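Chemist: just a sequence and a predicted model for now, questions to come.
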Number of protein chains: 2
Amino acid sequence: MIETQPAKRPSPPNYDIVIVGAGPVGLMLSTCLARWGYTIKHIDNRAEPTPTGRADGIQPRSLELLRNMGLKSAIMAHKPARVYEVAFWDPPKNGDGIVRTGTWASCPSFIDARYPFTTLLHQGLIERVFIGDLAKSGNKVQRPWTITGFKTDEKANPEYPVEVQLKHTDGTFEETVHAKYLFSGEGARSFVRDQLKIGIKHKDPISNVWGVMDGVVKTDFPDIKMKCTIHSEHGSIMVIPREDNMVRLYIQIASSTDPDFHPRKTATEAEVQATAKKILQPYSIEWERVEWYSVYPIGQGISERYTLDQRVFLGGDACHTHSPKAGQGMNTAFLDALNLAWKIHAVEAGFADRELLKTYEPERKEVAENFSSRRGRRPDTVQAASEQKPALQTGGADDDNDFIRTFKESCEFTSGYGVAYSPNSLNWSPDHAARSPLIHPKGTNLRTGRLMINADVTRVVDANVVHLEQEIPLNGAFRLYVFGGHPVRNRQALADFAAHLAKPDSFFGSHLRSDMDQVSHHDSLNPHSRFFSICTVLAARRSEIEISRDVPGLLARYRDLVYADDLWSRRVPDARAAAHAKLGLDEDKGGIVVVRPDGYVGVVVSLVEGAGTVLALNEYFAAFTANKKLGSSESRSQL
Amino acid sequence: MIETQPAKRPSPPNYDIVIVGAGPVGLMLSTCLARWGYTIKHIDNRAEPTPTGRADGIQPRSLELLRNMGLKSAIMAHKPARVYEVAFWDPPKNGDGIVRTGTWASCPSFIDARYPFTTLLHQGLIERVFIGDLAKSGNKVQRPWTITGFKTDEKANPEYPVEVQLKHTDGTFEETVHAKYLFSGEGARSFVRDQLKIGIKHKDPISNVWGVMDGVVKTDFPDIKMKCTIHSEHGSIMVIPREDNMVRLYIQIASSTDPDFHPRKTATEAEVQATAKKILQPYSIEWERVEWYSVYPIGQGISERYTLDQRVFLGGDACHTHSPKAGQGMNTAFLDALNLAWKIHAVEAGFADRELLKTYEPERKEVAENFSSRRGRRPDTVQAASEQKPALQTGGADDDNDFIRTFKESCEFTSGYGVAYSPNSLNWSPDHAARSPLIHPKGTNLRTGRLMINADVTRVVDANVVHLEQEIPLNGAFRLYVFGGHPVRNRQALADFAAHLAKPDSFFGSHLRSDMDQVSHHDSLNPHSRFFSICTVLAARRSEIEISRDVPGLLARYRDLVYADDLWSRRVPDARAAAHAKLGLDEDKGGIVVVRPDGYVGVVVSLVEGAGTVLALNEYFAAFTANKKLGSSESRSQL
């Protein structure tokens, strides 16, 4: 038969999300959503991942996050440099050259970090770790492709309302797709942001031109393997150690405070090396090899909006640009993506109201703004704090000293532990709709909107010593930490909690898996619900715990997530149950800690006999879940 | 031109070593020697690495060794199971079935192990990690090839005296090669051992037939993720957890004490499962999948010789067979290979007398014999020790209790920390040729022939917190740990030590690299000599140490290996300098610790002003180095 009619044009393919840009923010979002089963169209306009240079500092907190995703070992396999301390070099009081005026831990011991150092590895290797992980679920980045247009029409296509036009960068191919979401991780020059006419607010009026050079050097400068901030009469340098004996130097070429400043001002590699040699005097430096050299103007700015319609989102450098030497770009990008990823999952999987997506912009924008305002202050703060070392080292007594408080906050911020999301439906506060008096028991050291506190515990089934906060991988689920207190004295409270949790109208029982009967008995993470994983921690020695006797039914199903709180901690040396004590929970009576899927504490509730504990949690979850009528009637357990 | 004469037969190729067998012992030897630049012909008669099953327990000490080789992360990437505790199950006093009668740490805290657990991963994955490492130096295992003959003739070919015939297992190809050494890592049925007519001595008269089954099970037995020894009236089982939710069960099928014993006795998979079900009652067990099943007779035996001529060597199972459930085979194999590798290197590189090779057999054979005799005793010992838990947990006070001492030794042995090489030229004792009174200063906790004691220190150049004992990778060099004591009060002693070390007739100065002038300034491990790497540890805070001022010339060349002993240790909580204190060295005066290339302490010498320290070390090294006239004349430094 002869074809006489034109072929029917196929309808555009549908995706859950189109992600533009495969830098840290795009890859983190892609990796999370791919793992949780979403369909993704991910494009990048570069032919391959970053070959050299670019951002490279992984903060202590980000390394914990990467570990939680199972990606840390692939990062560490590259033998990155680790920065434990920062050294400050300045002109001497008398004479020429530079002298070390102080050193400071990059993540001081008052921060309870598992990895108290910054990890330095070039961005391309980090990107490849994510790309390798995406490949495991059959996802890949389509390169070199770019976005040429998009529009959202909820009425015409309520399920996939975003239409996106894409094309190969050489113009040979074009594609139109429909999606539930569009995400711009395009970097500072975002086509999507421009199309949405979202402006950038430059908070810091000072902009700078920086030269950055990665290479292998020969030098007698003693701190070449440290992170250093060097000020001299010839200018300023920041030194950052790298993998493979490399070092990165940031050299300030010009500042908008200079009389002849121009943002396009530039300098050759040789000029920058000559400047570096002058600044480092009396020490010598020669380059054996330069791997990468670039000059760029930097003004710190924050996008006025991160989304207009909760369908098209921005993240990473598309929303906020930082000084590259602050080492914040990638870490902030990771957290933008993480914050958005689980919220998209919660909404699309039917757990949360679509309203939840409105929390993305305020949570992440506030962090960027805090950081931006902090940067201006930091150098002075550090110097001031440096002079107050003894006070800092002795700990909390001097917290009312302004300098020290500011310095501590600054350290928390740059290590990634300073993120504090403000009260909203997720981060409980006295203004939250949940008003049960059991919420936020006296004594708890946990702060809502802040990271869960680290603790070592012993896993009961195999006696492994583990990091409790890492036991639930990044699976998109809320984490219920049931601190059970004393297994005998608190037996009734624990049993009541499990019984009320199991009721079909509890926050938990109303979000069960439809395929619950087919779940493998090896799955201890999400046997009942994709939205919850449950850890139970008992204040007893491992050998005294018998799961079949001490952990009530529903909780015992998570038998691989049952722990003995029986390890000594230097931070609470006299505690009988160190994990309970670190978190500020009663060692006999325990408590329930709800941690958001991204690791931040949502709410803490006392563990009491009767229905109260679950009712309090019902109130909390009702504030943002799709089912607002939790626990409204008496009902029997279905589990 | 027409070729009328037969082609001249090419002379056989020369190799430093021919290694037969690519199990753990052959691969460890191959990997070490390949890294140190030796040429290797490595064959194995299997077409590919072990696909499933076989040995799989990596002891705590072996994991440290693998880390020292940079291979630990590749092992851990497979997410092996970790055994922290062993549970004992027995028939109850009254009634049927089994009950837990005790649990015990597999590496109790009285052992100062970095990784206090046994790592369980199937042998094939471990082999592949080594094979991957060999590929980096262009080495690969030739498969499936076998050995058909060999002879040694030192007169005919003094340089490559061993001639070896090899052939493809299908008989299609043959090869003859010449080598300096031949190594049999062929396993229990060693062709080389048979050819040499070396007998096996069966120390333990009891032989057994074991069934071993790897698989995924569904069970309510609570300790299925633990290592368990289960005795019941229906028989005995050992449970070993594995990666990927698998479990290994060892089931005793027959013992030579049975009236109807036959070493060829066998049992089907179904029979063994039926037996396991009976033994585990009242708990149930079902197999979802069986990955591997095998039955084998085991008699423990030790080869009478490990070498006859220091040219042809045996190692691993070719020398000693153990009960597989002891989990010793692979670990002992690793240490055989390591022991031999560095000695071959020391001899071939011109550092040591050929006599050194004679220490391989006695050192390794004694370990195998100790283990063999220990095995028979262990079960009783464990039970006895179990009843004495409180005494054990309080520590050393009860060391004169025989049970406890035996139990502690047993734990040290099975964790890999019990290896204690007897006095010889390498392991100093009062009978050693070195008689300086500075040797083995009072107070030291180090024991010659034993592993170096672990310690955390801060690396000065980059402030990284590191494991001191891991700072020198397995590079075939002796490790000189210069504990410098107080940098001001001990300044002269440290300067004198460096000055005398630099003399051309010192043990150090007489073994310099011929290419010393071409060494990259980035090489801090072997800048002067391939036979020595030097760490300097000062009893001061990192911020107080200035390498250019506090570390004298020669030692400062190893600037990446200079450390501050400024970290708190729970094992010596009151010490000012914890590493000095843990090793039992004076915190002001320090001391020199010489560690063999395989990690065992050779000698400890006081650090004093003047020439004495280096002279004492000259005496020690003269006992086995090729240059026996060390330090005989006054001479000026050449470094």
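Modeler: Received, thanks.

Chemist: all contacts plus neighbour counts: C-alpha atoms, from now on.
Modeler: OK.

Chemist: near chain B, which residues of the stretch 101-250 of chain A show up?
Modeler: Listed as neighbours of chain B in the stretch 101-250 of chain A under the rule CA under 8 Å from any CA of the partner chain: A:Thr103, A:Lys218, A:Pro222, A:Asp223, A:Ile224, A:Lys225, A:Met226, A:Asn245.

Chemist: tell me the pLDDT at the second one?
Modeler: Looking at A:Lys218, its pLDDT stands at 96.

Chemist: and the spatially closest residue to it that is not a sequence neighbour, which of the three is it?
Modeler: Leaving aside its sequence neighbours, A:Lys218 sits nearest to A:Glu286 (CA to CA, 6 or more residues apart in numbering or on different chains; 5.2 Å). Counting by DSSP: H, G, I helix; E, B strand; the rest coil, the backbone at A:Glu286 sits in strand.

Chemist: then A:Thr103?
Modeler: strand.

Chemist: thinking again about what came up before, and the residues of the stretch 101-250 of chain A next to chain B, which two are the farthest apart?
Modeler: A:Thr103 and A:Lys218 (22.6 Å; CA to CA).

Chemist: most neighbours of all the residues of the stretch 101-250 of chain A next to chain B, which one?
Modeler: For these, the largest number of neighbours (other CA atoms under 10 Å in any protein chain shown) sits with A:Met226, at 25 neighbours.

Chemist: how close does it get to A:Glu243?
Modeler: In this view, A:Met226 and A:Glu243 are 12 Å apart by CA to CA, to the nearest Å.

Chemist: tell me the spacing between the closest residue in space to A:Ser190 that isn't next to it in sequence and chain B.
Modeler: If the residues on either side of it in the chain are set aside, A:Ser190 comes closest to A:Ala318, at 5.6 Å by CA to CA, 6+ apart. Look at A:Ala318 and chain B: by CA to the nearest CA, to the nearest Å, they are 34 Å apart.

Chemist: same check on A:Asn427?
Modeler: Counting by CA to the nearest CA, the gap from A:Asn427 to chain B is 35 Å.

Chemist: what of A:Ser422?
Modeler: 35 Å.

Chemist: what's the answer for A:Arg100, then?
Modeler: 10 Å.

Chemist: helices or strands up against whichever strand or helix holds that residue?
Modeler: Assigning secondary structure by DSSP states H and E places A:Arg100 in strand A:99-105. Under the contact criterion of 3 or more CA pairs under 8 Å, 6 or more residues apart in numbering or on different chains; DSSP states H and E, strand A:99-105 touches strand A:85-90, helix A:360-386.

Chemist: out of these, which gets the lowest mean score?
Modeler: Of all those, helix A:360-386 has the smallest average pLDDT, which comes to a mean of 67.

Chemist: how many neighbours does A:Val83 have?
Modeler: The burial count for A:Val83: 25, using other CA under 10 Å.

Chemist: bridged to it, which residues?
Modeler: Beta-bridge pairing for A:Val83 (DSSP bridges): A:Thr118.

Chemist: for the one 4 residues further on, same thing?
Modeler: Residues in a beta bridge with A:Ala87, per DSSP bridges, are A:Thr103, A:Cys228.

Chemist: hang on, the earlier thing: from the chain's centroid, how far away is the strand holding A:Arg100?
Modeler: 29 Å (CA atoms, centre = their mean, to the nearest Å).

Chemist: just the CA atoms of that strand, as CSV, please.
Modeler: Taking Å, rounded to 0.1, in the frame of the first residue of the first chain, the C-alpha atoms of strand A:99-105 are listed here in CSV:
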residue,chain,number,x,y,z
VAL,A,99,54.0,35.8,58.7
ARG,A,100,51.4,33.3,60.0
THR,A,101,49.1,35.1,62.4
GLY,A,102,46.9,32.3,63.3
THR,A,103,45.3,29.0,62.4
TRP,A,104,41.8,27.8,63.0
ALA,A,105,40.0,24.5,62.6
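
Chemist: could you list the buried residues of that strand?
Modeler: A:Val99, A:Arg100, A:Thr103, A:Trp104 (16 or more other CA atoms under 10 Å in any protein chain shown).

Chemist: show me where chain A dips below the pLDDT cut-off.
Modeler: A:1-10, A:55-56, A:203-205, A:323-327, A:372-401, A:627-639 (pLDDT under 70).

Chemist: ok, which stretches of the stretch 151-300 of chain A are helices?
Modeler: Along the stretch 151-300 of chain A, counting by DSSP state H, counting those that start in this stretch, helices occupy A:191-195, A:269-280.

Chemist: turn these into CSV, columns for mean neighbour count.
Modeler: Formatted as CSV, these follow (neighbours: other CA atoms under 10 Å in any protein chain shown):
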stretch, mean neighbour count
helix A:191-195, 18
helix A:269-280, 18
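
Chemist: and A:Lys503, which of those is closest to it?
Modeler: Closest among the helices of the stretch 151-300 of chain A, using CA to CA: helix A:191-195, at 45.7 Å.

Chemist: centre of the chain to that closest one, how far?
Modeler: 25 Å.

Chemist: re the thing from before, what does the strand holding A:Arg100 rub up against?
Modeler: Strand A:99-105 is contacted from outside by A:Tyr84, A:Glu85, A:Val86, A:Ala87, A:Phe88, A:Trp89, A:Asp90, A:Pro91, A:Pro92, A:Ser386, B:Ser543, using CA atoms under 8 Å, 6 or more residues apart in numbering or on different chains.

Chemist: what is the nearest of these to B:Gly299?
Modeler: A:Tyr84 (53.0 Å).

Chemist: residue contacts, the closest one?
Modeler: A:Tyr84 sits in contact with A:Ala105, A:Ser106, A:Cys107, A:Pro116, A:Phe117, A:Thr118, B:Asp462, B:Ala463, B:Asn464, where contact means CA under 8 Å, 6+ apart.

Chemist: save the residues you listed as a markdown table, and put in distance to A:Ile344 too.
Modeler: Putting the contacts of A:Tyr84 into a markdown table (distance: CA to CA, whole Å) gives the following:
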| residue | distance to A:Ile344 |
| --- | --- |
| A:Ala105 | 37 |
| A:Ser106 | 34 |
| A:Cys107 | 32 |
| A:Pro116 | 32 |
| A:Phe117 | 32 |
| A:Thr118 | 30 |
| B:Asp462 | 42 |
| B:Ala463 | 41 |
| B:Asn464 | 39 |
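
Chemist: brilliant, that's me finished.
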